[in-house]
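[1] Kindly generate the corresponding structure for this input.
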Amino acid sequence: MLNEVHPAQVAGLFYPAGAQNLRELIGQMGKGARGDGGIAPKAVVAPHAGIVYSGSVAATAFGPWARRAYPPRRVVIVGPAHRVAFRGLAIHPATTWSTPLGEAQVSRNLHARLAEARAAAVDVRPFAGEHSLEMHLVMLQSMLPAPFEILPILVGDAEPRRVAEALRLVWGGPETAIALSSDLSHFLDRASAEEIDSDTARRIETLDADSLEGRRACGYLPIMGALAIAAERDLRVSGLHLATSADVGADSSRVVGYGAFALEYATSARLNEADRALLLSTCMAGLAAAARDHGRVPALDFDGRPSPALSSQRTTFVTLTQGGKLRGCIGSPAPSRSLIEDAMTNAVQAGFADPRFAPLSDAELEGLDISVSILSHPRPVPATREAELIEALEPDRRAHSRGRPPAGAIPAERVAAGRRSAGIRAPSEAEGGPRLAWLAARPRGRAFPGRVLRRAVASDEPGRDRAREDRRGSAASLSRKRQEAASKRRRRDNVRLPFASRLRIKRRAFGVPW
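    Numbering: from 1, shown residues only. I've put the predicted structure just below:
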């Protein structure tokens, strides 16, 4: 690496060249950013257009990092090349990148790791006049409260697996964040852009990497590489903000689309208390409406848009119990709707379409308990017998606490989720949420009795909930010998294994409670 500084390439073009004006502009754009609902991303997708056009969307993406108690100390920025055609990936030889907001040091260790592995070529030429990396850098310099190192990576004509290989080398722990630079659709009319961008957002949220292409996102190759890692390391993608250049006054007949997305570990993802209460209250309200309407799933009518965590496409598994006994359970085979709609639909289906039980009556709602699990994306679990499966599901909690889940490791909470799918109750962390005096989401035109609302929000006994979690953790830590003995007893008694234990199929890897 040469001892040189890479100067700003688009100052005065994509953003003001003066530091004060630039900070003021980014501050103004931050006022248009949307809330993240408590999401804690490892990686984000953010746009790289001129700040006056896409600054609010970029501020939405980077906001969770800025609000962290310990902001990232290192940011890997990966963006597409716009100016120079080349094959593969490139890193600049400079030790420092300069913008009007100051200088950012390049991570020598990560730079050397990519260069030595030949995962990226050290080449100054593709960076001339390039903006996709610099636009992220100036936003981060303005928003992050502490100095940080960077590793800018430019992606040319490269296979997505090459991008994924490079990202694995620099993935790091919680000290490292990944910024994926991409705008969405280009130069369509506003209505067409909004339609295709919404569809692209759905594909990104469901990790449908193979369906991405240049007309959907100019940074589709960086996104595809990151989604490959998201699938193998169990990251959950949430759409945070969609907009177009027409939203700030540009020509509506020829717009550019922008999107902000967050990728967070499913094992550490948590719904905030308000979202938990809203999700459960919506499920219970849906059950109440269905009890009066012959089991029909009601339509949801929201006062405003739900939080990103609730509106992102997810699959859920809902278990209903009464007096500690199973009263119905059902889950979704694949993501096809928002989390809150999927959970409410599955709650109604569990109450009225589980063939093992009679449909719920209105009188049964008072004593009903509900557990909602958010499922992970499908991935195969290699095992030839149940003991091996249990061992594969055993998490390395210390690695996860460092933000560095080992490849192939699957958290123990999924074992509990699999047991719930077989009808064995395991309370979710939603219990312990706050009590609400109002219902923000309701089936259209319906009102709900107070007793339903009281049941919809969970108990306020966090101590008991923690004890339940401890018991679940202990159960998941049984020795191999005891697990094998349990497997033999099941076979001897001719009892079917839980769904999560059925082998030799490519199954859904169960997710965890919030």
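
[2] ok, the closest residue to Pro126 other than its chain neighbours - how many residues close by?
    Distances taken as C-beta to C-beta, 6 or more residues apart in numbering place Val84 nearest to Pro126, at 4.3 Å, with adjacent residues excluded. The C-beta positions use only the backbone N, C-alpha and C, and glycine is treated the same way. Counted with other C-beta atoms under 10 Å, the neighbours of Val84 add up to 15.

[3] SS state for Val84?
    Recorded secondary structure, Val84: coil (DSSP: H, G, I helix; E, B strand; the rest coil).

[4] Let me know the pLDDT of it.
    We have a pLDDT of 96 for Val84.

[5] ok, it - contacts?
    Counting by C-beta atoms under 8 Å, 6 or more residues apart in numbering, Val84 touches 125-126, 128, 130, 156.

[6] at 10 Å instead, please
    Residues near Val84 by C-beta atoms under 10 Å, 6 or more residues apart in numbering: 90, 123, 125-130, 154, 156.

[7] now swap in Val45 and tell me
    Applying C-beta under 10 Å, 6+ apart, we find Val45 in contact with 57, 61, 178-182, 184, 201, 204, 217, 219, 222-223, 226-227, 237, 239-240, 258-263.

[8] is it fair to say it lies in a strand?
    Yes: per three-state DSSP, Val45 lies within a strand segment.

[9] Dig out what it forms beta bridges with.
    Following DSSP bridges, Val45 is listed with bridge partners Leu180, Phe261.

[10] Next one: it, what pLDDT does it get?
    Among the per-residue scores, Val45 shows a pLDDT of 98.

[11] And it, how far from Asp183?
    10 Å (C-beta to C-beta, to the nearest Å).

[12] Convert the helix or strand in which Met29 is found to CSV, retaining C-alpha atoms only.
    Using DSSP states H and E, the element containing Met29 is helix 19-30. Taking C-alpha atoms only, helix 19-30 is exported to CSV below (Å, rounded to 0.1, in the frame of the first residue of the first chain):
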residue,chain,number,x,y,z
ALA,A,19,-17.7,21.4,5.2
GLN,A,20,-20.2,23.6,7.0
ASN,A,21,-22.7,23.6,4.1
LEU,A,22,-22.3,19.9,3.8
ARG,A,23,-23.0,19.2,7.5
GLU,A,24,-26.0,21.5,7.4
LEU,A,25,-27.4,19.7,4.3
ILE,A,26,-27.0,16.3,5.8
GLY,A,27,-28.6,17.5,9.0
GLN,A,28,-31.6,18.7,7.0
MET,A,29,-31.8,15.4,5.2
GLY,A,30,-31.7,13.6,8.6
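
[13] phi, psi of the residue nearest to Pro126?
    phi -120, psi 130 (degrees, to the nearest 10).

[14] neighbours around Asp301, how many?
    By the measure other C-beta under 10 Å, the count of residues near Asp301 is 11.

[15] Can you tell me who it pairs with across the strands?
    Per DSSP bridges, the residues bridged to Asp301 are Arg442.

[16] Now do it, the pLDDT please.
    pLDDT for Asp301: 81.

[17] separation between it and Phe352?
    21 Å.

[18] Kindly report the same for Leu25.
    Leu25 sits 54 Å away from Phe352, going by C-beta to C-beta.

[19] More neighbours: which of these two?
    Neighbour tally, Leu25 and Phe352, criterion other C-beta under 10 Å: the higher count belongs to Phe352, 21 against 18.

[20] check contacts around the nearest residue to the more buried one once chain neighbours are set aside.
    Nearest residue to Phe352 in three dimensions, chain neighbours excluded: Gly295, at 3.3 Å (C-beta to C-beta, 6+ apart). Residues near Gly295 by C-beta under 10 Å, 6+ apart: 287, 348-349, 351-353, 359-360.

[21] Tell me the confidence at Gly295?
    Gly295 is assigned a pLDDT of 92 by the prediction.

[22] contacting residues around Ser185?
    Applying C-beta under 10 Å, 6+ apart to Ser185 gives the contacts 192-197, 199-200, 215-218, 244, 255-259.

[23] swap that for Pro126, please
    Contacts for Pro126 (C-beta under 10 Å, 6+ apart) come out as 81-86, 89-92, 154-156.

[24] Produce a ChimeraX select command limited to the buried residues of those.
    Here is the ChimeraX selection string for the buried members of those, based on 16 or more other C-beta atoms under 10 Å:
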select :81,86,89,90,91,92,154,155,156
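
[25] Include distance to Val248 when you put the contacts of Pro126 into TSV, please.
    Shown next, in TSV, are the contacts of Pro126 (distance: C-beta to C-beta, whole Å):
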residue	distance to Val248
Ala81	26
His82	21
Arg83	25
Val84	29
Ala85	31
Phe86	33
Leu89	33
Ala90	32
Ile91	33
His92	31
Leu154	27
Val155	28
Gly156	30
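
[26] Tell me the one of the contacts of Pro126 nearest Leu271?
    Closest approach to Leu271 among the contacts of Pro126 (C-beta to C-beta): Val155, at 33.5 Å.

[27] ok so, going back, need the residues touching each of Val45 and Asp183.
    Between them, Val45 and Asp183 share the contacting residues 57, 217, 219, 258-259, judged by C-beta under 10 Å, 6+ apart.

[28] out of those, which is most surrounded?
    Of all the shared contacts of Val45 and Asp183, the highest neighbour tally under other C-beta under 10 Å goes to Tyr258, namely 30 neighbours.

[29] Could you check how far that one is from Ala59?
    From Tyr258 to Ala59 the distance is 11 Å (C-beta to C-beta).

[30] Need the residues touching each of these two.
    46, 241.

[31] Just the helices from the stretch 101-250 of the chain, written as ranges.
    Here the stretch 101-250 of the chain has its helices, by DSSP state H, counting those that start in this stretch, at 108-116, 134-143, 160-170, 190-205, 220-233.

[32] TSV for those, including distance to Ser311 and mean neighbour count?
    Compiled in TSV, the helices of the stretch 101-250 of the chain are given as follows (distance: least, C-beta to C-beta, whole Å; neighbours: other C-beta atoms under 10 Å):
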stretch	distance to Ser311	mean neighbour count
helix 108-116	34	16
helix 134-143	24	25
helix 160-170	27	19
helix 190-205	10	19
helix 220-233	19	24
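
[33] Which of those helices sits closest to Ile330?
    Nearest to Ile330, of all the helices of the stretch 101-250 of the chain, is helix 190-205, at 21.9 Å by C-beta to C-beta.

[34] which helices and strands sit right next to the closest one?
    Here helix 190-205 touches strand 186-188, helix 220-233, strand 235-244, strand 255-265, going by 3 or more C-beta pairs under 10 Å, 6 or more residues apart in numbering; DSSP states H and E.

[35] how about the ones you listed in TSV, adding distance to Asp342 and mean pLDDT?
    As requested, the helices and strands packed on helix 190-205 are exported to TSV (distance: least, C-beta to C-beta, whole Å; pLDDT from 0 to 100):
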stretch	distance to Asp342	mean pLDDT
strand 186-188	30	96
helix 220-233	19	96
strand 235-244	14	95
strand 255-265	19	97
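
[36] So which of the ones you listed is nearest Ala119?
    Taking C-beta to C-beta, helix 220-233 is the member of those nearest to Ala119, at 11.2 Å.

[37] what is the orientation angle of the closest one with strand 255-265?
    With axes from the mean of the first three to the mean of the last three C-alpha atoms, to 10 degrees as the basis, helix 220-233 and strand 255-265 are set at 20 degrees to each other.

[38] quick one: helix 220-233 to chain centroid distance?
    12 Å (C-alpha atoms, centre = their mean, to the nearest Å).

[39] same check, this time on stretch 311-323
    With C-alpha atoms, centre = their mean, you get 18 Å for stretch 311-323.

[40] Just the buried residues of that stretch, please?
    By neighbour count on 16+ other C-beta under 10 Å, the buried set for stretch 311-323 is 311-322.

[41] In helices, which of these appear?
    Per DSSP state H, helices hold the following members of the buried residues of stretch 311-323: Ser311.
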